[in-house]
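Q: here is the input, now give the coordinates:
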Amino acid sequence: MALSFCSLHFPLTVTNHHHSPTSHTLKTHLLHNFSSPFELKQVHTHLVKTNTPLSNLPLTRVGSVSALTPSFTYAHQIFAYAGVSQVFVWNSCLKMFAESENPGDAVLLFYQLRQFDVMPDSFTCSFVLKACTTMLDLCNGRIVHGYVEKLGLKSNLFLQNMVVNLYALCGEMGDARLLFEKMSQRDVVTWNIMITQLIKRGDITEACELFTRMPERSVRSWTVLISGYVQCGKPKEAVELFLEMEEAGVRANEVTVVAVLAACADLGALDLGRRVHEYSNRSGFRRNIRVSNTLIDMYVKCGCLEDARRVFDEMEERTIFSWSAMIQGLAIHGQAEETLRIFYKMMETGMKPNGVTFIGILHACSHMGLIEEGCKFFSSMTTDYGIILQIEHYGCMVDLLSRGGLLQEAYKFIMNMPMKPNGIIWGALLGGCRVHRNVDLAEEATRHLHQLDPLNDGYYVVLSNIYAEAERWEDVARVRRLMRNRGVKKTPGWSSITVDGVVHEFVAGDETHPQAQEIFRMWEKLLGKMKLKGYVPNTSVVLLDMEEKEKERFLYRHSEKLALVFGLMNTPPGTPIRIMKNLRVCEDCHTAFKLISEIVNREIVVRDRNRFHCFKDASCSCRDYW
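A: Okay, here's the model as predicted:
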C-alpha cells in the first residue's frame with residue numbers, strides 16, 4: 001500500500017547507487033528544507049525508493065508546506081502512515097502561523113482541521129485564540145470560545161484568561177466581565193487583564209474597585225493602576241498608591257519607576273522623585289533609556305534644571321525623546337541660548353529632530369526675540385525634515401510674532417492657517433496685544449476666544465487690563481458686567497510648596513493654614529523692605545469693584561505669596577524655594593518675587609501653567625513677564 005501511495009509522485013532525478021558526496025549533500029539538504037508540496041513529494045519518493053522510514057521527514061515542515069493547499073490531504077495521509085499524533089503536528093503548524101505575519105492562516109488551518117475531524121485540544125485552542133487576539137478577530141474568537149466550552153476545557157485557566165483578554169481587547173468589556181465573574185478560579189493574571197483593559201478605556205473607578213478585591217497582587221497589578229492614575233490626570237492618587245505599595249513590601253520595577261516619576265513631575269513632588277531616582281540607580285535601572293527620559297522630564301518640571309542636565313549628560317545612549325526633553329526643559333526655563341546650543345549639538349550627532357523638538361526650539365526663539373531664525377526653523381520643518389505641522393507649531397509662531405510686536409503679521413498668519421485656530425492661538429495674539437497695547441486686535445482676539453472658550457476668565461482679565469492701561473474705564477466696567485452676566489467665575493488660584501516631604505497648598509486669602517497669622521506678619525515685614533526698593537502694588541490685575549486699599553490687601557494674599565512666605569519660614573536660609581501654581585503668576589507677584597529674591601538672597605522657582613520663572617538677584621530667567 002505504501003508503494004502504491006507514493007508511486008503517483010515524482011522521482012528524484014538521481015540514481016539509487018554510487019551516490020557522490022555532492023548528490024548526498026543535496027538530498028540531505030532537500031530532506032530538511034523542502035518549501036513546497038512539489039519538493040515534499042520528491043523527498044517522499046526518495047524515501048520510498050531508499051526504503052527509509054517516513055518518520056525521518058520533518059513532520060512539522062510537511063504540515064506547514066501542505067496546509068492551506070490542495071495537498072492538505074496528502075500531508076494528512078503521511079501523518080497517518082508515519083503513525084504520529086495528527087493534532088500534535090498540526091498544533092506546531094498552528095503555533096507557527098499564529099506567530100507569523102499572517103496570523104489569519106492559523107484560523108484557516110483550524111477550520112480545515114475540523115473538516116477532517118482532527119480533534120482540537122487545549123493547545124489548538126490557545127494558538128488559534130492567540131491569532132484572533134492579534135487580529136482582534138472577535139467573531140472567530142467567540143467560535144473558539146465555544147469549542148473551549150464544548151470540549152470541557154473551562155478548567156484550563158490559561159485558556160480562560162486568553163478569552164477574557166480577547167473580549168476586553170475587542171471592546172466587549174461586558175462579555176469580559178461576565179466571563180470573569182463566572183470563572184470558578186482566577187489567578188493574578190486574570191485580575192491584571194481586567195484592570196489593564198478597564199484603565200485603557202478610562203474606567204479608573206472600576207479598575208480601582210477590582211484592585212481592592214484582588215486576593216493577591218503582583219508588581220504588575222500595582223504598576224498598572226499607578227500608571228492609570230497618571231494617565232487620567234490623578235497624580236496625587238498615583239503617588240499615594242505607590243507609597244502603599246512600598247508599605248506592602250513590593251519592589252518597584254522599571255515600569256513602576258517610570259509611572260511614579262511621571263506622577264512626581266505632574267505634582268512637582270521633588271523629594272519623592274529624588275528618592276525614586278536613588279532607588280532606580282540602586283536597582284540597576286540607570287541604563288534604561290525610558291527611565292532616564294522620565295527623570296529628565298521630572299527634574300525639568302520640578303524646576304531642577306541642573307539635575308535634569310546631569311541625568312542627560314550621564315546617559316550612555318540618547319534617543320530623540322532624550323534630546324527633545326532637554327531642549328524643551330531649557331526652553332521653558334528661559335535658557336534660550338543653551339536650548340539652541342543643545343539643538344545644534346544634537347544635529348552634529350546625526351539625530352533627526354521631530355515635531356516635539358521644534359516646539360522647544362520655537363519657544364526658545366520666541367523668548368529670545370529671534371523672529372527671523374524662528375521663521376527659518378518653522379519653514380525647515382517641512383522642507384528639510386518632512387514633519388507634518390501641528391497646531392502647536394502654529395501656536396509657537398503666533399507667539400513668536402506677537403512677542404516681537406508684529407501683531408498684524410501674527411493676525412494674517414492666523415487667518416492663513418490650514419486649520420481652525422484654537423484658544424491657544426488666539427490667546428497668544430491677545431497676550432501680544434496686552435504687551436504692545438493694541439486694543440483693536442485685542443478685541444478681535446477676544447471675540448474669537450469668547451466663542452471658543454466662553455467661561456475662561458483669563459481672557460476677560462487680560463482684555464480688562466488692556467482697557468485699563470488705555471484708560472478706557474467704561475470698557476473695563478463693561479467687561480466686568482459681561483463676566484457677571486455670563487456667569488464667568490474666576491478660577492480659584494492655588495499654589496503648593498513641599499517642605500520635608502509634605503505638600504502644603506494655599507489659596508488666595510487663605511487663613512486656614514495653622515501658620516497663617518505668622519505668614520501674614522512676616523509678609524508685612526517683607527513688604528516694608530520691598531517698598532524701600534521701589535515696590536508699588538499693581539492693583540490693575542484685580543478686577544473686583546473695591547477700594548484701592550482693599551485691592552492691595554487682596555494682592556498681598558495671592559496664593560503664591562503665601563506659599564513663598566511659608567517656604568521662607570520653614571526652610572534653611574540659602575536653600576532654593578520651589579512653588580507650583582495652577583494659573584499664571586500675576587504681574588504683581590512677578591515683580592514682588594524679583595525683589596524678594598534679592599532681599600532674602602534666595603533662588604525662587606515658580607512653575608505656573610505657562611512656564612518656569614527662576615527668580616534670583618532681583619531678576620527672572622524670563623526675558624519678559626508674558
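
Q: can you tell me the closest non-neighbouring residue to residue 593?
A: residue 615 (4.6 Å; CB to CB, 6 or more residues apart in numbering). For every residue, glycine as well, the C-beta is placed using N, CA and C.

Q: quickly list what that neighbour is bridged to.
A: As for beta bridges, residue 615 partners with residue 604, residue 620 under DSSP bridges.

Q: give me the number of residues near it?
A: By other CB atoms under 10 Å, 25 other residues sit near residue 615.

Q: state the distance from it to residue 595.
A: Counting by CB to CB, to the nearest Å, the separation of residue 615 from residue 595 is 9 Å.

Q: do residue 561 as well
A: Counting by CB to CB, the gap from residue 561 to residue 595 is 12 Å.

Q: higher neighbour count, these two?
A: For residue 561 and residue 595, the more surrounded residue by other CB under 10 Å is residue 561, and the numbers stand at 25 against 19.

Q: state the pLDDT value of that one.
A: Note for residue 561: predicted pLDDT of 91.

Q: surely it and residue 522 touch.
A: No: the pair formed by residue 561 and residue 522 falls short of the contact definition of CB atoms under 8 Å, at 10.6 Å.

Q: I figured residue 96 hits residue 64, correct?
A: Yes: distance between residue 96 and residue 64: 6.1 Å, which falls inside the contact criterion (CB under 8 Å).

Q: when the two are compared, which one has more neighbours?
A: Summary of the neighbour comparison: residue 96 and residue 64, criterion other CB under 10 Å, with residue 64 having more neighbours (21 against 18).

Q: could you find the closest non-adjacent residue to residue 598?
A: Looking at residue 598 with CB to CB, 6+ apart, the closest residue is residue 618, at 3.8 Å.

Q: give me the distance between the one you found and residue 182.
A: Distance, residue 618 to residue 182, by CB to CB: 69 Å.

Q: who has more neighbours out of these two?
A: In this view residue 618 and residue 182 are compared by other CB under 10 Å, and residue 618 has more residues nearby, 13 against 9.

Q: quick check, residue 424 in a helix?
A: Yes: secondary structure assignment places residue 424 in a helix (DSSP: H, G, I helix; E, B strand; the rest coil).

Q: hmm, it is touching residue 395, no?
A: Yes: Residue 424 is in contact with residue 395 according to CB under 8 Å; the separation is 4.8 Å.

Q: which one of these two is surrounded by more residues?
A: Taking other CB under 10 Å, residue 424 and residue 395 do not tie; residue 395 has more neighbours (23 against 16).

Q: report the buried residues of the helix or strand where that one lies.
A: Using DSSP states H and E, residue 395 sits in helix 391-403. Residues of helix 391-403 classed as buried by neighbour count (16 or more other CB atoms under 10 Å): 393-403.

Q: just stretch 334-345 next, same as before
A: Neighbour-count burial for stretch 334-345 [16+ other CB under 10 Å]: 334-336, 338-340, 342-343.

Q: now, among those, which is nearest to residue 503?
A: Sorting those by how near they are to residue 503, with CB to CB, puts residue 334 at the top with 25.4 Å.

Q: for residue 606, see how far away the closest one is.
A: With the distance defined as CB to CB, residue 334 ends up 12 Å from residue 606.

Q: work out for me the element residue 339 sits within.
A: Using DSSP H and E, residue 339 sits in helix 336-348.

Q: what's that helix in contact with?
A: Taking CB atoms under 8 Å, 6 or more residues apart in numbering as the criterion, the residues outside helix 336-348 that touch it are 323, 326-327, 330-331, 353, 357, 360-361, 363-365, 367-368, 370, 623.

Q: could you list the domains of this structure?
A: The record's domain split for the chain, according to the TED database, is 50-185, 418-491, 494-620.

Q: take the ones you listed and write them to CSV, including distance to residue 385.
A: Formatted as CSV, the entries for the domains of the chain read as follows, by distance: least, CB to CB, whole Å:
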stretch, distance to residue 385
domain 50-185, 30
domain 418-491, 18
domain 494-620, 26
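
Q: among the ones you listed, which is nearest residue 231?
A: Once those are compared by CB to CB, domain 50-185 is nearest, at 16.9 Å.

Q: could you export the helix holding residue 395 as CSV, CA atoms only?
A: As requested, the backbone C-alpha atoms of helix 391-403 are provided in CSV (Å, rounded to 0.1, in the frame of the first residue of the first chain):
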residue,chain,number,x,y,z
ILE,A,391,-1.5,73.3,15.7
GLU,A,392,1.1,73.6,18.5
HIS,A,393,3.7,74.7,15.9
TYR,A,394,1.4,77.4,14.6
GLY,A,395,0.8,78.5,18.1
CYS,A,396,4.5,78.9,18.7
MET,A,397,4.7,81.1,15.5
VAL,A,398,1.9,83.3,16.6
ASP,A,399,3.6,83.6,20.0
LEU,A,400,6.9,84.5,18.3
LEU,A,401,5.4,87.2,16.1
SER,A,402,3.2,88.6,18.8
ARG,A,403,6.0,88.9,21.3
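
Q: that helix: how far from the chain's middle?
A: With CA atoms, centre = their mean, to the nearest Å as the basis, the distance from the averaged C-alpha position of helix 391-403 to the chain average is 24 Å.

Q: coming back round to it: overlap of the contact sets of residue 334 and residue 606?
A: Counting by CB under 8 Å, 6+ apart, the residues touching both residue 334 and residue 606 are 612-613.

Q: hmm, back to that, show me what whatever helix or strand comes next after the helix holding residue 339 is packed against.
A: Proceeding N to C from helix 336-348, the next assigned helix or strand is helix 355-368, under DSSP H and E. Using 3 or more CB pairs under 8 Å, 6 or more residues apart in numbering; DSSP states H and E, the elements in contact with helix 355-368 are helix 320-332, helix 336-348, helix 371-383, helix 391-403.

Q: nearest to residue 578, of those helices?
A: Between residue 578 and the helices and strands packed on helix 355-368, the tightest spacing by CB to CB is seen for helix 320-332, at 14.4 Å.

Q: which strands or helices does that closest one pack on?
A: With contacts taken as 3+ CB pairs under 8 Å, 6+ apart, helix 320-332 sits against helix 289-301, helix 305-314, helix 336-348, helix 355-368.

Q: for those helices, give me JSON lines that also has distance to residue 267 and mean pLDDT.
A: Formatted as JSON lines, the entries for those read as follows, by distance: least, CB to CB, whole Å; pLDDT from 0 to 100:
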{"stretch": "helix 289-301", "distance to residue 267": "9", "mean pLDDT": "96"}
{"stretch": "helix 305-314", "distance to residue 267": "16", "mean pLDDT": "95"}
{"stretch": "helix 336-348", "distance to residue 267": "25", "mean pLDDT": "94"}
{"stretch": "helix 355-368", "distance to residue 267": "22", "mean pLDDT": "92"}
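
Q: switch these over to TSV; also include distance to residue 468.
A: Below are those laid out as TSV (distance: least, CB to CB, whole Å):
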stretch	distance to residue 468
helix 289-301	34
helix 305-314	35
helix 336-348	31
helix 355-368	26
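
Q: in terms of helices and strands, where is the residue lying closest to residue 402 once chain neighbours are set aside?
A: Leaving aside its chain neighbours, residue 402 sits nearest to residue 432 (2.6 Å; criterion: CB to CB, 6+ apart). Using DSSP H and E, residue 432 sits in helix 423-436.

Q: can you give me the buried ones in that helix?
A: 423-434, 436.

Q: swap in stretch 155-172?
A: Those buried within stretch 155-172 under the rule 16+ other CB under 10 Å are 156, 159-170, 172.

Q: also stretch 258-271?
A: For stretch 258-271, by 16+ other CB under 10 Å, it's 258-270.

Q: what average pLDDT does that stretch get?
A: What stretch 258-271 shows for mean pLDDT is 92.

Q: if we can go back for a sec, can you check which of the helices and strands packed on helix 355-368 gets nearest to residue 446?
A: Distance to residue 446, taken as CB to CB, is lowest for helix 391-403 among those, at 14.2 Å.

Q: adding distance to residue 102 and pLDDT, write the buried residues of helix 423-436 out as CSV.
A: CSV is the format used below for the buried residues of helix 423-436 (distance: CB to CB, whole Å; pLDDT from 0 to 100):
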residue, distance to residue 102, pLDDT
423, 47, 92
424, 45, 90
425, 46, 95
426, 50, 95
427, 50, 92
428, 49, 92
429, 53, 95
430, 55, 93
431, 54, 89
432, 56, 92
433, 59, 92
434, 60, 87
436, 62, 90
